[in-house]
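J.: Could you look at this predicted model? Sequence included:
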Amino acid sequence: MSDVKRTNKRAQKAKETRRRILAAALELFTQDGYGATNLQDVADKAGVAVQTIYFVFGNKRALLKELVDVTIAGDDEPVATMDRPWYTGALASATAQDMLRAYVAGSTSVLERVAPIGKVLEAAVASDPEVAALWPQDVDPRYVVHRGAAKALVGKPGARAEVSVEEAADLLYGLLSPELYLLFAKERGWPRERWERWVGETLRAQLCATGETVPAGQA
């Protein structure tokens, strides 16, 4: 076997091990809680030595940080949300209405992934102040993402002329929040199609100049 093949095989194995650890951490953190789960539990679930987790992630806080970041992204590729195809594709839409449809659909996919880890993170921050320090506190990254979308939206045909970037960003940030999604999707049991239709219609009424109807499941 050539050195290149050996290197590729090792890299692939390392990636698979990392994913297995993250999957085990997600299951245990959501099932038992962040505080009640130790790294040995995660190692046993993932089928690796606990030293492997320390080598790959460093500590439990760093493991949680990686888990949250990967959950938001949907994979472990080092690509920022604002550079991902769903986001850039939505912002490239020709009209404000078309952009909202695509943007709500993409954001909902993120919210579906984030929902199970949201309460885990909230509890972890409450029990361990150092967890909160893992993310910048000056500006919420989620707001930055929505502000970028708002800036694109207000310049498109069909956008309400009187709505500023700041107001549009606030509406996207508030209505496409994990808290509101959990309230409807988890507590009230709304299926994805109903959530997308409602939030899409609500945003369209606030941000778009026309009364175009958003078809169910295409919000």
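T.: Done, it's in.

J.: least trustworthy helix or strand in this structure by mean pLDDT?
T.: Every helix and strand of the chain was ranked by mean pLDDT, DSSP states H and E. The lowest is helix 129-132, at a mean of 80.

J.: which residues sit against that one?
T.: The contact list for helix 129-132 (C-beta atoms under 8 Å, 6 or more residues apart in numbering) reads 61, 64, 121, 124-125. Backbone N, C-alpha and C define where each C-beta goes, glycine included.

J.: Equivalent analysis for stretch 166-183, please.
T.: Against stretch 166-183 from outside (C-beta under 8 Å, 6+ apart): 103-104, 107-108, 111, 114-115, 118, 140, 142-143, 146-147, 149-151, 153-154, 195, 199, 202-203, 206-207.

J.: where's that stretch relative to the chain centroid, distance-wise?
T.: Stretch 166-183 sits 13 Å away from the centroid of its parent chain (C-alpha atoms, centre = their mean, to the nearest Å).

J.: Can you give me the end-to-end span of that stretch?
T.: Start-to-end span of stretch 166-183 (C-alpha to C-alpha, to the nearest Å) is 25 Å.

J.: Would you mark the buried spots in it?
T.: By 16 or more other C-beta atoms under 10 Å, the buried positions in stretch 166-183 come out as 168-169, 171-173, 175-178, 181-182.

J.: So which of these is the closest to Asp32?
T.: Among those, Leu182 lies closest to Asp32 (C-beta to C-beta), at 19.7 Å.

J.: Just the buried positions in the lengthiest helix in the chain, please.
T.: Determined from DSSP state H, the single longest helix within the chain is helix 96-127. Neighbour counts over helix 96-127 (16+ other C-beta under 10 Å) mark 96-108, 110-111, 114-121, 123-125 as buried.

J.: Against which helices or strands is it packed?
T.: helix 3-32, helix 60-73, helix 85-91, helix 129-132, helix 141-153, helix 178-181, helix 192-207 (3 or more C-beta pairs under 8 Å, 6 or more residues apart in numbering; DSSP states H and E).

J.: Tell me what angle that helix forms with helix 141-153.
T.: 170 degrees (axes from the mean of the first three to the mean of the last three C-alpha atoms, to 10 degrees).

J.: centre of the chain versus helix 96-127, how much separation?
T.: Using C-alpha atoms, centre = their mean, the offset of helix 96-127 from its chain centre is 5 Å.

J.: Stretch 45-57 too?
T.: 25 Å.

J.: Touching that stretch from outside, list them.
T.: 14, 17-18, 20-21, 23-25, 27-28, 39-40, 42-43, 63, 66.

J.: show me what contacts the residue nearest the centre of the chain?
T.: For the chain, Ile72 is the residue whose C-alpha lies nearest the centre (C-alpha atoms, centre = their mean; 2.6 Å). Ile72 is in contact with 81, 110, 113-114, counting by C-beta under 8 Å, 6+ apart.
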